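> Need coordinates for the following:
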Amino acid sequence: MVQRVRHRGPDQQSLVEDRRCILGNARLRVVDLSSAADLPLTSADGRISIAYNGEVTNFRDLEEQYRLREKYEFKSSSDTETLLHLYEELGIDFCRELTGMFAFALHDRREEKVWIVRDQFGNRPLFLMRTPRRIYFASEIKAFLELPEFRADIDLEGLFHYFTLAYIPGRHTPFECVEELQGGERLQIDLSTGRTEDQRYYRVHFEADRQSSFEELRDGLYEQMLDSVRRNLIADAPLGLTLSGGFDTSSILALARECIGPQRDLHSYSVVMGEKSFNEARWQQIMVEFANTIHHEIHVGPRDVMEVLVEHMAYLDEPSANGAAIPSYLLAREATKDVTVLLSGEGGDETFTAYETHRAWKVRHYWRRFAPGPLRKLAHGVAHALPTDYRKLSFDFMAKRFTEGAEMDVAQSHIHWRYTIADADKRRLMPKAARMIDTGDWAAKIYDSYPFTDELDRICALDAETYLIGDLMVKNDRTFMAHSIEARFPYMDRILYDYMSRVPPELRLKGMKGRYLQKEAMRGHIPEAISGRKNMGLEMPHSLWFLGDLKPVADEYFSREKVERTGFLTHAGVDHLWQEHLARKRDNGRALWSILMVLIWFDLFVAEGTYKQYLTAREPRASV
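As a prediction, the model looks like this:
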């Protein structure tokens, strides 16, 4: 199992074995490059061992707060050893004090207990496979395929939701026997009795601070953002940043430059798309000149995508239709020549209330309140009569989606504005799942479970607990770690997120201005051209590519043989969407991409089992 995920930690691999517990680790040396910090790590008295992945960014602050270096003898400067001593000091609830990107399993031999813990937002992956006699855990699903107990039975419910969301949500994975521990969850295992208990130690919560002034909230946010970036810059290995040209990556770059000063070299990496409506190079260059970085451009076209189409899925382990996955994979492949750590702006849209769907929620409120039913019906008809435009976020796309979703309840509309495949098409595509709960109803159940009542707060919480963990973090973690690069997310930080959850909704989304308080906090620290631009998001123009360079690949995978051997997809359902797209009757680009990803995944992990031939790991870095 450890060797199968060696690309995540090529620098060192080891096991710690006990009568009832074996911990394995593949280590990427980032903080303390010496062998003293090798993993799994065991306390000096042999009582506690920990297998660990990721980075706790406030470990030095916690060392100081609890005076750990005065009370305990440290043999390294790693964050992992700090966790061991925090456990000795506070017990397992020490995980409530942490922030960053982490997953770990901690074994206490005296208590005969094991805790398997995932960070608050699921920034680092953690999967479980439970059998009658054993519990296995791993950072990637492919590790379980090494086990004799593994069964490749397909989780149809997970895939049913995938075709709406473009990701597999919640505890679901592609396989029935594997589940995903969620963000803010931990599993407690009593080795003496065999009993297990699923525990939630953190959940997002919103409670508006009505006492602080706007100026206090704005200035406090700036300090919180600066502090988060400062903590995320801690590394003994080379470090760089992704730069999309959007507000989040640009502001992180500006804050990083402020933290480290003007003299230190800083690498930045950008994806450049050839299609005009998808290209952000203009804004990327503004930030490169502003922050004076050593800049690297990664140009992505259809041929680049075809080159790694199958290879990237071997690392994802599960279908993901995120249009930025392959560009991120190509970016990481280039970045690994220079750096081991990359700071990313992922999570900024969740933390600062910046999605287009958040603005659509507000428009929906006024639309339903002031526009009479006949007018809304007329607008729906006019929108659906518009010709198909394949440009990104085209007017016809937004008009059609909005007029449909505006008639739904809040949670259902939020999902509808993002759906990949319409419900009728999905049920034609996957008839075996016809009786399963509608994905909108699944989301509404989570939405209704929150103890706070503001609709926007609930939508933001829903994003953080579903889309972020199921989609964005799969894309970021797997594509970066495929090339042995640690991704860090300063804006998906527990301390920062908790601060923003106390900011009143009207200061997060003011009028139609998303990320309002964030932009006010960064005013004067970032070029005005960046502050004034709209959200864009990294995506591929696969709708256009399917009509050109990607057509031969699609023809191969959308064949009757490839589709019907899955046992859960119908060729008629796939072919209907394909022919409709080729005839330019409807833009089915995202739907077809999601189907293509499932078919490639099925070949690699089920039908042919050839995923191993694509896995490589860089040469280990020497211990110092």
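
> all contacts plus neighbour counts: C-alpha atoms, from now on.
Fine.

> Please enumerate the strands of the stretch 351-500 of the chain.
486-488 (DSSP state E, counting those that start in this stretch).

> What is the distance between the worst-scoring helix or strand of the chain on mean pLDDT and the centre of its chain?
Here the helix or strand of the chain ranked lowest by mean pLDDT, DSSP states H and E is helix 395-405, holding a mean of 75. Put simply, helix 395-405 sits 26 Å off its chain's centre (Cα atoms, centre = their mean, to the nearest Å).

> got it, and stretch 435-453?
Counting by Cα atoms, centre = their mean, stretch 435-453 comes out at 21 Å from the chain centroid.

> cool, stretch 480-487 as well?
13 Å.

> what comes into contact with it?
Residues outside stretch 480-487 that contact it (Cα atoms under 8 Å, 6 or more residues apart in numbering) are 7-10, 28, 54, 315, 328-329, 332-333, 336, 339-344, 476-477, 617-618.

> Which members of those residues are positioned in helices?
Judged by DSSP state H, the subset of these located in helices is 315, 328-329, 332-333, 476-477.

> Need the contact partners of stretch 331-349.
For stretch 331-349, the surrounding residues in contact (Cα under 8 Å, 6+ apart) are 30, 232, 235, 237-243, 248-249, 252, 269-271, 298, 354-355, 468, 472, 479-480, 483-492, 515.

> rerun at 6 Å
Contacts to stretch 331-349, defined as Cα atoms under 6 Å, 6 or more residues apart in numbering, come from residues 238-242, 248-249, 355, 480, 483, 485-489, 491-492.

> Likewise for stretch 444-459?
Against stretch 444-459 from outside (Cα under 6 Å, 6+ apart): residue 411.

> how does it look with 7 Å?
206, 411-412, 462, 505 (Cα atoms under 7 Å, 6 or more residues apart in numbering).

> Around residue 139, how many other residues sit close by?
Residues within reach of residue 139, counting by other Cα atoms under 10 Å, total 24.

> For it, which non-adjacent residue is closest in space?
By the measure of Cα to Cα, 6 or more residues apart in numbering, the closest residue to residue 139 outside its immediate chain neighbours is residue 126, 4.9 Å from it.

> Might you report the residue contacts of that neighbour?
103, 118, 137-139, 180-181.

> can you map out the strands along the stretch 101-250 of the chain?
Secondary structure of the stretch 101-250 of the chain (DSSP E, counting those that start in this stretch): strands at 113-118, 127-130, 135-138, 179-180, 185-190, 196-200, 239-242.

> Report the contact partners of residue 478.
The neighbourhood of residue 478, defined by Cα under 7 Å, 6+ apart, consists of 315-316.

> distance of it from residue 171?
18 Å (Cα to Cα, to the nearest Å).

> got it, and residue 502?
For residue 502, the distance to residue 171 equals 28 Å [Cα to Cα].

> before we move on, what about residue 164?
Counting by Cα to Cα - residue 164 and residue 171 are separated by 16 Å.

> Tell me which of these two has more neighbours.
Counted by other Cα under 10 Å, residue 164 and residue 171 do not tie: residue 164 has more neighbours, with 23 against 14.

> contacting residues around the more buried one?
Applying Cα under 7 Å, 6+ apart, the residues contacting residue 164 are 419-421, 439.

> Could you list the residues in contact with the helix or strand containing residue 592?
Here residue 592 sits within helix 589-602, counting by DSSP states H and E. Here helix 589-602 makes contact (Cα under 7 Å, 6+ apart) with 163, 166, 310, 313, 318-321, 420-421, 542-543, 557, 578.

> Highest neighbour count among the contacts of residue 164?
residue 421 (25 neighbours).

> Pull the contacting residues for that one.
The neighbourhood of residue 421, defined by Cα under 7 Å, 6+ apart, consists of 163-164, 591.

> now with 8 Å?
Contact partners of residue 421, counting by Cα under 8 Å, 6+ apart, are 163-164, 590-591.

> so can I have TSV of the residues you listed showing pLDDT?
As requested, the contacts of residue 421 are arranged in TSV below (pLDDT from 0 to 100):
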residue	pLDDT
163	96
164	95
590	93
591	96
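
> Please indicate which of the residues you listed are buried?
163-164, 590-591 (16 or more other Cα atoms under 10 Å).

> residue ranges with poor pLDDT in the stretch 201-350 of the chain?
Scanning the stretch 201-350 of the chain for pLDDT under 70 picks out 275-279.

> what are the ranges of the helices in it?
Using DSSP state H, counting those that start in this stretch, the helices of the stretch 201-350 of the chain run over 214-232, 247-260, 281-291, 302-316, 325-335, 348-352.

> Between these, which one is closest to residue 401.
helix 348-352 (20.2 Å; Cα to Cα).

> Isn't residue 196 up against residue 188?
Yes. Using Cα atoms under 8 Å, residue 196 is in contact with residue 188, at 5.5 Å.

> Would you mind telling me which of those two has more residues around it?
More neighbours surround residue 188 than the other of residue 196 and residue 188, with 18 against 15 (other Cα under 10 Å).

> returning to what we had before: how about CSV for the strands of the stretch 101-250 of the chain, with distance to residue 585 added?
Formatted as CSV, the strands of the stretch 101-250 of the chain follow (distance: least, Cα to Cα, whole Å):
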stretch, distance to residue 585
strand 113-118, 45
strand 127-130, 41
strand 135-138, 44
strand 179-180, 39
strand 185-190, 45
strand 196-200, 47
strand 239-242, 37
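
> Please identify the deepest-packed of the ones you listed.
Across the strands of the stretch 101-250 of the chain, the average number of neighbours (mean count of other Cα atoms under 10 Å) peaks for strand 239-242, which reaches a mean of 25.

> mind checking how far the residue nearest the centre of the chain is from residue 303?
Centroid-nearest residue in the chain: residue 473, 1.4 Å away (criterion: Cα atoms, centre = their mean). From residue 473 over to residue 303 the distance is 26 Å, taken as Cα to Cα.
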